[in-house]
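Asker: Here is my input, please return the structure:
(one chain, ligands or ions: 2)
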Amino acid sequence: MTAVSYELIKTCKQTGARLGRVTTPHGSFETPVFMPVGTLATVKTMAPEELKDIGANIILSNTYHLWLRPGEDIVEEAGGLHQFMNWDGSILTDSGGFQVFSLSDMREIKEEGVHFRNHINGEKLFLSPEGAMQIQNSLGSDIMMAFDECPPYPASHEYMKSSVERTSRWAERCLEAHQKPDQQGLFGIIQGGEYEDLRKQSARDLVSMDFPGYAIGGLSVGEPKDVMNRVLEFTSPLLPQNKPRYLMGVGSPDSLVDGAIRGVDMFDCVLPTRIARNGTCMTSNGRVVVRNAKFARDFTPLDENCDCYTCRNYTKAYIRHLIKTNETLGIRLTTYHNLYFLVKLMENVREAIKEDRLGDFRDQFFDQYGFNKP
Ligand SMILES: O=c1nc[nH]c2cc3[nH]c(NCCN4CCCCC4)nc3cc12
Ligand SMILES: [Zn+2]
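Answerer: Ligands and ions are numbered 1, 2, ... in the order given. Have a look, this model is predicted:
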């Protein structure tokens with residue numbers, strides 16, 4: 001039995017978007033879906049029950065961070081990540097490659113793996129495809145990611161080609177090292193940057209390895225949104241129709257809608273939780289920086305079109321007061337709302353796919369949010 005399966009329910013007649021359902025050993029969820037990020041085994045400031053109230057069924061955690069703190073051995077001893085953090089929904093873990101490249105300096109990429117310094121205490125470390133798989137198996141996540149290299153943007157075609165070829169060899173080694181039969185829950189990551197020929201080469205290599213799902217990596221690394229959309233346009237069709245497609249590190253409300261339109265099923269990003277902690281909220285009328293003085297006497301909810309716990313019970317003036325005085329409840333309320341906003345957005349995207357009107361939904365949502373304003 002493959003632990004992670006995907007059912008394609010229907011394709012939107014107006015766009016390339018798909019309505020689907022992913023099933024893991026910890027439940028199933030409809031796609032397109034936004035996955036809250038819980039880097040250190042917690043979605044910052046949210047209790048698991050609150051994530052369930054928000055409507056989250058799958059969250060992300062990070063191999064690199066949990067390897068360093070508290071150590072995958074402690075998580076394994078606790079009975080795995082679900083037990084350790086009291087989360088009974090699905091968990092996807094990133095494989096660590098991206099975190100090594102984005103957090104650590106003094107890194108050296110070799111065929112055997114990556115040598116780098118621990119970003120916390122500077123000690124020398126080494127992470128290989130085999131190591132990343134061992135850590136993820138100790139964590140016991142439902143969906144694991146192959147160990148890859150996410151090259152910086154921009155990168156030369158020459159560099160990108162050799163990186164894609166190494167990432168394909170590393171993917172092979174991850175399959176070998178995976179401690180579960182038939183690649184249960186292990187997703188391959190497609191690289192290739194903005195180069196169509198290299199995306200084809202990466203997809204050809206990884207699709208031939210028959211992973212149960214595929215991530216589109218190497219994006220949301222500083223490239224303009226039109227470059228990301230163009231890459232998605234020629235990469236999505238290279239991936240199997242009957243398997244999930246996960247766009248890593250995305251993102252903002254417009255990128256989620258535009259990614260779904262281009263056939264992406266799963267998204268993750270720290271954006272909603274990160275901006276919440278500095279008092280910035282996503283609302284149906286665009287971003288609201290609730291810490292701004294203009295909200296000092298604004299006794300209306302963050303978003304009059306939102307029915308979340310925060311918007312039903314608190315005003316901008318009160319939340320601004322909490323944020324300005326560093327009262328913890330403040331960032332809890334903004335985090336709750338931002339996650340609810342994105343989870344709700346994906347619910348509306350799924351409804352629009354069901355009714356073959358995702359293109360119309362995009363236009364209306366972009367106009368109201370202010371994405372189309374010059
Ligand atoms: O190619 C990837 N392989 C493995 N993991 C990844 C994670 C990624 N995360 C991102 N982008 C995250 C962008 N995010 C936006 C909000 C502020 C913090 C950074 N691209 C990624 C590519 C990869
Ligand atoms: Zn709300």
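
Asker: check contacts around the closest residue to residue 101 other than its chain neighbours.
Answerer: Of all residues not flanking residue 101 in the chain, residue 150 sits nearest, at 5.7 Å (C-beta to C-beta, 6 or more residues apart in numbering). C-beta coordinates here come from the backbone N, C-alpha and C atoms, glycine included. Shown in contact with residue 150 (C-beta atoms under 8 Å, 6 or more residues apart in numbering): 97-98, 101-102, 191, 217-218, 221.

Asker: Next one: residue 150 from ligand 1, what distance?
Answerer: 3 Å (C-beta to the nearest ligand atom, to the nearest Å).

Asker: Confirm that residue sits in a helix?
Answerer: No. Looking at residue 150 with DSSP: H, G, I helix; E, B strand; the rest coil, it is coil, so not inside a helix.

Asker: Which pLDDT value belongs to it?
Answerer: Here, the pLDDT recorded for residue 150 equals 96.

Asker: My guess is residue 94 contacts residue 248. True?
Answerer: Yes. In terms of C-beta atoms under 8 Å, residue 94 counts as a neighbour of residue 248; the distance is 7.3 Å.

Asker: between these two, which one's more packed in?
Answerer: A count of neighbours by other C-beta atoms under 10 Å puts residue 94 above the other of residue 94 and residue 248, at 29 against 25.

Asker: Which residues of the protein lie near ligand 2?
Answerer: Proximity of the chain to ligand 2, by C-beta under 5 Å from the ion, involves residues 306, 308, 310-311, 337.

Asker: tell me, how many neighbours does the residue nearest to residue 41 when sequence neighbours are not counted end up with?
Answerer: If you skip the residues right next to it in sequence, residue 41 has residue 85 as its closest partner in space, 4.4 Å away by C-beta to C-beta, 6+ apart. Residue neighbour count, defined by other C-beta under 10 Å, stands at 19 for residue 85.

Asker: I figured residue 85 hits residue 38, correct?
Answerer: Yes. Applying C-beta under 8 Å, one finds residue 85 in contact with residue 38, separated by 7.3 Å.

Asker: Off-centre distance for stretch 235-248?
Answerer: 15 Å (C-alpha atoms, centre = their mean, to the nearest Å).

Asker: contact partners of that stretch?
Answerer: Against stretch 235-248 from outside (C-beta under 8 Å, 6+ apart): 4, 6, 8, 16, 20, 22, 31, 92, 94, 98, 187, 189-190, 192, 199-200, 203-204, 207, 211-217, 219-220, 232, 259, 262-268.

Asker: coming back round to it: tell me which of the residues of the chain next to ligand 2 fall in helices.
Answerer: Mapping those onto helices (DSSP state H) picks out 310-311, 337.

Asker: Most neighbours out of the residues you listed, which is it?
Answerer: Most surrounded of these: other C-beta under 10 Å gives residue 337, at 27 neighbours.

Asker: now that residue: how far from residue 30?
Answerer: According to C-beta to C-beta, to the nearest Å, residue 337 and residue 30 sit 22 Å apart.

Asker: likewise residue 97?
Answerer: For residue 97 relative to residue 30 (C-beta to C-beta), the value is 29 Å.

Asker: quick one: which of these two has more around it?
Answerer: Neighbour tally, residue 97 and residue 30, criterion other C-beta under 10 Å: the higher count belongs to residue 97, 26 against 18.

Asker: who's in contact with the residue of the stretch 51-200 of the chain found nearest ligand 2?
Answerer: Distances between the stretch 51-200 of the chain and ligand 2 by C-beta to the ion are smallest at residue 54, namely 9.9 Å. Residue 54 makes contacts with 36, 46, 308, 336, 339-340, 343, as judged by C-beta under 8 Å, 6+ apart.

Asker: Is there a neighbour count for the nearest residue to residue 289 once chain neighbours are set aside? I'd like the number.
Answerer: Once flanking residues are discounted, residue 289 sits nearest to residue 280: 5.1 Å by C-beta to C-beta, 6+ apart. Using other C-beta under 10 Å, residue 280 is surrounded by 19 other residues.

Asker: What's the per-residue pLDDT of residue 365 here?
Answerer: Per-residue confidence at residue 365 stands at 97 (pLDDT).

Asker: just checking, it is part of a strand?
Answerer: No. According to three-state DSSP, residue 365 belongs to no strand; its state is helix.

Asker: Got phi/psi on residue 18?
Answerer: phi -130, psi 140 (degrees, to the nearest 10).

Asker: Near it, how many other residues are there?
Answerer: The burial metric for residue 18, expressed as a neighbour count using other C-beta under 10 Å, is 23.
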